[in-house]
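# One predicted model, sequence on top.
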Amino acid sequence: VLRRNPPMYLMLMLLGLAALLGASQGRTDCYSSVNSIETSGASCQTAKPEGLSYCGVKASEKIAERDLGAMDQYKTLIKRVGEKLCIEPALIAGIISRESHAGKVLKNGWGDNGNGFGLMQVDKNSHKPLGEWNSETHLTQGTDILITMINTIKKKFPQWPKNKQLKGGISAYNAGPGNVRSYQRMDIGTTHNDYSNDVVARAQYYKKHGY
């Protein structure tokens, strides 16, 4: 007699697999959360060229607000990549704002005198840029680079809690993991000496706006 019903162990295995997939789908907290990170926001060196007379978190939020309209056209892609790689979409948006003002300052997808590519400004001297400048492929590459930096900082500072390792990884995205020597001074040596603090403050803004 042919067995029409699958054996019970197979059913249980499939149910377990479905539960596992369901648990991982949509997660974006594998590397901690930007809301758990203390930040001093943008330095005056970053704020002044933006025409702002103030610095700090308030300046970061204002710049992020100005970029929100342009950012929203990539919101679906950003959220998809964040869920695919289990990292906060708000953080991806914070980096995009800092790197390219959501693409507004790029020329044919390039910035940094032709060295940085795409929304996340992948450095062509360190990586072969993939995809179109505003594509999911590009965002995946940029976010993979960020995750590599976070994991490098985890190995370098295993005693740090996850939120500090995350902040260190953000700083390293700009100036490399070798520049991160201590928690308090990790941004010294980054562009305008404020990279992770500014990105985190912008990311916290985007977190409040549905990212």
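In hand now; what should we look at? Numbering: from 1, shown residues only.
# how about the residue nearest to the spatial centre of the chain, what does it touch?
Averaging the C-alpha coordinates of the chain gives a centre point, and the residue nearest to it by Cα atoms, centre = their mean is residue 92 (3.1 Å). Contact partners of residue 92, counting by Cβ atoms under 8 Å, 6 or more residues apart in numbering, are 78, 81-82, 120, 139, 142-143, 146, 211. C-betas here are computed from N, CA, C, even on glycine.
# Let's see the ChimeraX selection covering just the buried ones among these.
Here the buried members of these are turned into a ChimeraX selection, burial being counted by 16 or more other Cβ atoms under 10 Å:
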select :78,81,82,120,139,142,143,146,211
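# Return the member of the contacts of residue 92 nearest to residue 46.
residue 120 (17.5 Å; Cβ to Cβ).
# Need the contacts of residue 92 in TSV (columns: secondary structure and distance to residue 41).
TSV is the format used below for the contacts of residue 92 (DSSP: H, G, I helix; E, B strand; the rest coil; distance: Cβ to Cβ, whole Å):
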residue	secondary structure	distance to residue 41
78	helix	21
81	helix	25
82	helix	22
120	coil	20
139	helix	24
142	helix	22
143	helix	23
146	helix	20
211	coil	18
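# before we move on, the earlier item: mind checking the SS state of the residue nearest to the centre of the chain?
In three-state terms, and counting by DSSP: H, G, I helix; E, B strand; the rest coil, residue 92 is helix.
# Just give the nearest non-adjacent residue to it, would you?
Once flanking residues are discounted, residue 92 sits nearest to residue 78: 5.1 Å by Cβ to Cβ, 6 or more residues apart in numbering.
# got the contact list for the one you found?
Under the criterion of Cβ under 8 Å, 6+ apart, the contact list for residue 78 reads 71, 89, 92-93, 96, 139, 211.
# change it to 6 Å
Taking Cβ atoms under 6 Å, 6 or more residues apart in numbering as the definition of contact, the neighbours of residue 78 are 89, 92-93.
# What score does it have for pLDDT?
For residue 78, the pLDDT comes out at 99.
# Could you do residue 4 as well?
47.
# Residue 61 now?
For residue 61, the pLDDT comes out at 99.
# now swap in residue 1 and tell me
Residue 1 is assigned a pLDDT of 39 by the prediction.
# swap in residue 50?
According to the model, residue 50 carries a pLDDT of 98.
# residues near it, how many?
Residues near residue 50, counting by other Cβ atoms under 10 Å, number 13.
# low-scoring pLDDT stretches of the protein, where are they?
Counting by pLDDT under 70, the chain shows low-confidence ranges at 1-25.
# mind listing the helices for it?
Remark: helices assigned in the chain by DSSP state H are 8-24, 44-47, 56-72, 75-85, 89-100, 136-156, 162-175, 195-208.
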